[in-house]
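Participant: Provide a 3D model corresponding to the input given below.
(chains A and B)
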Amino acid sequence: MKRFFAVVLALVFATGLALGQDKIKITFWHAMGGWRVPFIERMVQDFNLTHPWIEVTVEYKGSYTDTLNAALAAARAGAAPHVFHSFEVGTQLLVDSGIIVPLEDLIDKFNLVVPWEDYIDPVLNYYRIGGRLYCMPWNSSNPIVYYNKTMMDTAGVEVPRKPTYSDIYEISKKIVDAGVAEYGITWPVHSWFFEQWMAEQGADLVNNNNGRTDYATEINLLEPAAIRIVEWWKKLYDEGLWVSPGRSWSQARQIFISGQSAMLISSTSDVTAMENAAVEQGFELGTAFLPIPDGTERHGVIIGGGALWVTGDHPDEELQAAAEFVVWMTQVAQTIRWHQGTGYFPIRKTALKALEMEGWFERFPNYRTAFDQLVETKLITATQGALMGTFVEARSTILDAVEAVLAGEKGIEEALKEAKALIDQSLQDYKELMGG
Amino acid sequence: MRSKFPNKPLPYILLFPTLALCAIFLYYPVIQTFRLSTYRAILMGLHRKYIGFENYIRLFTSREYIHSLTITFIFAVGVVVLGLSISLAIALLANHKIRGARFYRLLLIWPYALSPAVAGSIWLFLLNPTAGVVNYFMKALFGISPDWLTSGQLALLAVTVAAMWKNLGYNIVFFLAGLQNLPGEILEAAKVDGAGPWTTFWRVTFPLLSPTTFFLLIMNLIYAFFGGFGLIMVMTEGGPNKATNLLIFNLYQDAFRFHKWGLAAAQSVILFIMVVALTLIQFRTTGRRVHYGGQ
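Facilitator: So this is what the prediction gives:
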């Protein structure tokens, strides 16, 4: 009997020990729906397998806004996810939220080895604030032109690799006049394109060096650069060359795939989906750089997409695990896998070389366009991207203005002036609230 | 008839759970909302500054908010008036004793069982400018294909009709129940006295139905103010250019997308006061004419 008790005791003790040496558990929330959910789950599984002392639990939390709100609410309740995924326009808000710790601080603290020189600079640049990297860029993309090459051949036109506004206008006109397609071009009514076109012209979206030296207080909507964009957009629309898919990205893709329009401007993360659709619909797909206004210099694009943030309110060992996880997600092997699976950029130079050697770009030359456009981007504050605490609201206000102009309810300058007044007010309120 | 409790504390003990729940989940949040509405706050109130009534002043001097208010009234009138008239008409038809009546009634109630997200998606498909069924017929019959959701006025019309349609089932159920509970002898008496169907409806049925109508009036009004959110979210997101930006959607945007918590709290207080006021007015005016039967 005594022996039996001893065995039981030993067992209990052993289990206790095992529990005590339990894995470091961290949670990861992301905002990528659809088929990307299982894809990300598999990546996390692989991380868990190769890091037996860490266990990452992954959860899809809905849209970027939903994920951001959930993380903020959880942080207030003291249960923030260790790592979460947010969009680029939430950057300033997160920096000010006080719930996150800058990634670079963690990497220094835990002496993690990260070969920064191997990361593509424009991508990191968006998230460098005051010289420190706040989070890890993860799903990065920029806008390019997709075109139906079969239709172009029928109409006898060619899309230049680096088109201008008037190139797009002329091509659309020829396409429509020749009756090849109902419309020349389409893109979702989204402020992202407007922001990109500002950057391409080397114009900051907001003052104080695009909000990077101090809180922004004014938006540059009355600059000639801004007006040029809306003028061109309106002209295309009025002449029936651009068709509105509303604010919907999928609607825009649908219009292009179904052959109602010969061109589409959309995210580079659509390359895979577009390639597949082109094969299914039996047309040849071409891609080109984002068009820019005539007579302006090409400055490049802002890196869009999302990044991984680490929240601060956790014990050190969990923070270290979180940092390790985030860095692992951008390992060369992982970025290649991520790129081939989703179309988002591999943000490592080595990954790029490996893909080249593998002949990836020869098989899928359309990925090349996206890359070259990114790599050729000049490092200035305009292409670094604007920082605004009220970015989401500003986007919505800009779109309201564009919609009013397109519908003919307001003149271009009138609409932009009104939008500027609203956005400036919000920016100044925000600055005041942050004690700036 | 009043029943008596054996001792004084007992009723309070019995009421306590309800009151406690109300206090925690209703009164406390309401008070917090009032408080928050006097602050400028972001990040769920992580940063805040007391500004008194400035949020309210800003709202009522903002063109956007007044616009949203106007739109909401148009929407509410559309949903309530059209919705109640059409559902009463349908309920009258469905009340006839014909073969398969139960089956028809079931079909009529169906839309109510759909979630706003599903209903919104169905309308999106129907109204799709190029591939939708509505424009297929529009083109075949009149040779036009309107941009239902990208033109401001049409978009408002579209969401009003969708919201009205979504609530038809609910209204029809109550009207049908009301119609079937009408005292048969009065209707018969009207018939014997030689009243035609038109007179019978306006002189007998409609007044007798007034408690149901009155109840539905209030429920539909609340629905129009608060329930339009799901459809707007799916169908238009308040666009184009804020043409369908109902108060409730504006509030959601300001709170959950733009992180303006104080401003959103002020809007929710305004909405709350408006619905309370409208309900009170209805009780004072329409409520008096309601005939509840009996003596």
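Participant: Then A:T67 would be within a helix, right?
Facilitator: Yes: under DSSP: H, G, I helix; E, B strand; the rest coil, A:T67 falls within a helix.
Participant: sec struct for residue 159, please.
Facilitator: Assuming you mean chain A. Per three-state DSSP, the local secondary structure of A:V159 is coil.
Participant: So what's the residue count around it?
Facilitator: 22 (other CB atoms under 10 Å in any protein chain shown). Glycine gets a C-beta too; all of them are placed from N, C-alpha and C.
Participant: Tell me who's in contact with it.
Facilitator: By CB atoms under 8 Å, 6 or more residues apart in numbering or on different chains, the contact list for A:V159 reads A:V145, A:Y147, A:M152, A:D167, A:I171, A:M263, A:G286, A:A288.
Participant: cool, and B:K49?
Facilitator: Contacts for B:K49 were tallied using CB under 8 Å, 6+ apart; they are A:E432, A:L433, B:Y39, B:R40, B:A41.
Participant: who does it bridge with?
Facilitator: B:R40 (DSSP bridges).
Participant: ok, it to B:W261 distance?
Facilitator: Remark: distance between B:K49 and B:W261 (CB to CB, to the nearest Å) = 12 Å.
Participant: if I look at the two, which residues touch both of them?
Facilitator: B:Y39, B:A41.
Participant: Please identify the helix or strand for residue 274.
Facilitator: No chain specified, so I'll use chain A. Using DSSP states H and E, A:M274 sits within helix A:271-281.
Participant: actually chain B
Facilitator: helix B:261-284.
Participant: same question, A:D313
Facilitator: Here A:D313 is assigned to no helix or strand, by DSSP H and E.
Participant: So what's the residue count around A:R253?
Facilitator: Number of residues near A:R253 (other CB under 10 Å) recorded here: 20.
Participant: Next, the contact list for the residue sitting nearest the centre point of chain A, please.
Facilitator: With distances taken as CA atoms, centre = their mean, A:G305 lies nearest the centre of chain A, 0.9 Å away. Shown in contact with A:G305 (CB under 8 Å, 6+ apart): A:F87, A:E88, A:P137, A:W138, A:N139, A:S140, A:S141, A:S269, A:Y344.
Participant: Any chance of JSON lines for those residues, columns distance to chain B, secondary structure and pLDDT?
Facilitator: Shown next, in JSON lines, are the contacts of A:G305 (distance: CB to the nearest CB, whole Å; DSSP: H, G, I helix; E, B strand; the rest coil; pLDDT from 0 to 100):
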{"residue": "A:F87", "distance to chain B": "12", "secondary structure": "strand", "pLDDT": "91"}
{"residue": "A:E88", "distance to chain B": "16", "secondary structure": "helix", "pLDDT": "89"}
{"residue": "A:P137", "distance to chain B": "23", "secondary structure": "strand", "pLDDT": "92"}
{"residue": "A:W138", "distance to chain B": "22", "secondary structure": "strand", "pLDDT": "91"}
{"residue": "A:N139", "distance to chain B": "20", "secondary structure": "strand", "pLDDT": "89"}
{"residue": "A:S140", "distance to chain B": "23", "secondary structure": "strand", "pLDDT": "86"}
{"residue": "A:S141", "distance to chain B": "22", "secondary structure": "strand", "pLDDT": "87"}
{"residue": "A:S269", "distance to chain B": "22", "secondary structure": "helix", "pLDDT": "84"}
{"residue": "A:Y344", "distance to chain B": "24", "secondary structure": "coil", "pLDDT": "87"}
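Participant: which one of those is nearest A:Y64?
Facilitator: Of all the contacts of A:G305, A:F87 has the smallest distance to A:Y64: 4.1 Å, by CB to CB.
Participant: For the closest residue to the closest one other than its chain neighbours, list the residues it contacts.
Facilitator: In space, and not counting its chain neighbours, A:F87 is closest to A:Y64: 4.1 Å by CB to CB, 6 or more residues apart in numbering or on different chains. By CB under 8 Å, 6+ apart, A:Y64 lies in contact with A:A31, A:H85, A:S86, A:F87, A:G90, A:G306.
Participant: Can you tell me which of these end up in strands?
Facilitator: When DSSP state E is applied, the contacts of A:Y64 are split such that A:H85, A:S86, A:F87, A:G306 fall in strands.
Participant: Chain B versus the residue nearest to the centre of chain A, what's the distance?
Facilitator: Taking CB to the nearest CB, to the nearest Å as the criterion, A:G305 is separated from chain B by 19 Å.
Participant: and what of A:T150?
Facilitator: Applying CB to the nearest CB to A:T150 and chain B gives a distance of 21 Å.
Participant: same question, A:N142
Facilitator: Distance check for A:N142 against chain B: by CB to the nearest CB, it reads 24 Å.
Participant: Counting neighbours, what do you get for B:D254?
Facilitator: Neighbour count of B:D254, defined by other CB under 10 Å: 22.
Participant: residue contacts, the nearest residue to A:L387 once chain neighbours are set aside?
Facilitator: Leaving out its chain neighbours, the residue that sits closest to A:L387 by CB to CB, 6+ apart is A:G211, at 3.7 Å. Neighbouring residues of A:G211 by CB under 8 Å, 6+ apart: A:Q92, A:A386, A:L387, A:M388.
Participant: circling back: between the ones in strands among the contacts of A:Y64, which sits nearest A:V392?
Facilitator: A:F87 (8.7 Å).
Participant: Hmm, A:I303 and the closest one touching each other?
Facilitator: No: at 11.7 Å, A:F87 does not count as touching A:I303 under the criterion of CB atoms under 8 Å.
Participant: Who has more neighbours out of these two?
Facilitator: Higher neighbour count among A:F87 and A:I303: A:I303, with 27 against 19, using other CB under 10 Å.
Participant: Distance check, that one against A:E88.
Facilitator: 7 Å.
Participant: Find the residues that touch each one of those two.
Facilitator: Residues within reach of A:I303 and of A:E88 at once, by CB under 8 Å, 6+ apart, are A:Y126, A:G385.
Participant: what's the single longest helix in chain A?
Facilitator: Among the segments of chain A that qualify as a helix by DSSP state H, the longest is helix A:412-433.
Participant: What lies in contact with that helix?
Facilitator: A:206, A:215-219, A:221-222, A:226-227, A:230-231, A:234, A:388-390, A:393-394, A:397-398, A:400-402, A:404-405, A:410, B:40-42, B:47-49, B:64, B:258, B:260.
Participant: Skipping adjacent residues, who's closest to the most centrally placed residue in chain B in space?
Facilitator: With distances taken as CA atoms, centre = their mean, the residue of chain B nearest its centroid is B:Y223 (1.8 Å). Nearest non-adjacent residue to B:Y223, counting by CB to CB, 6+ apart: B:N167, 5.7 Å away.
Participant: residues from chain A in reach of chain B?
Facilitator: A:65, A:69, A:72-73, A:76, A:93, A:96-98, A:244, A:246-247, A:255, A:260, A:389-390, A:392-393, A:396, A:399-400, A:403-404, A:407, A:409, A:422, A:426, A:429-430, A:432-434 (CB under 8 Å from any CB of the partner chain).
Participant: ok, back up a step: which of the contacts of B:K49 has the most neighbours?
Facilitator: B:A41 (24 neighbours).
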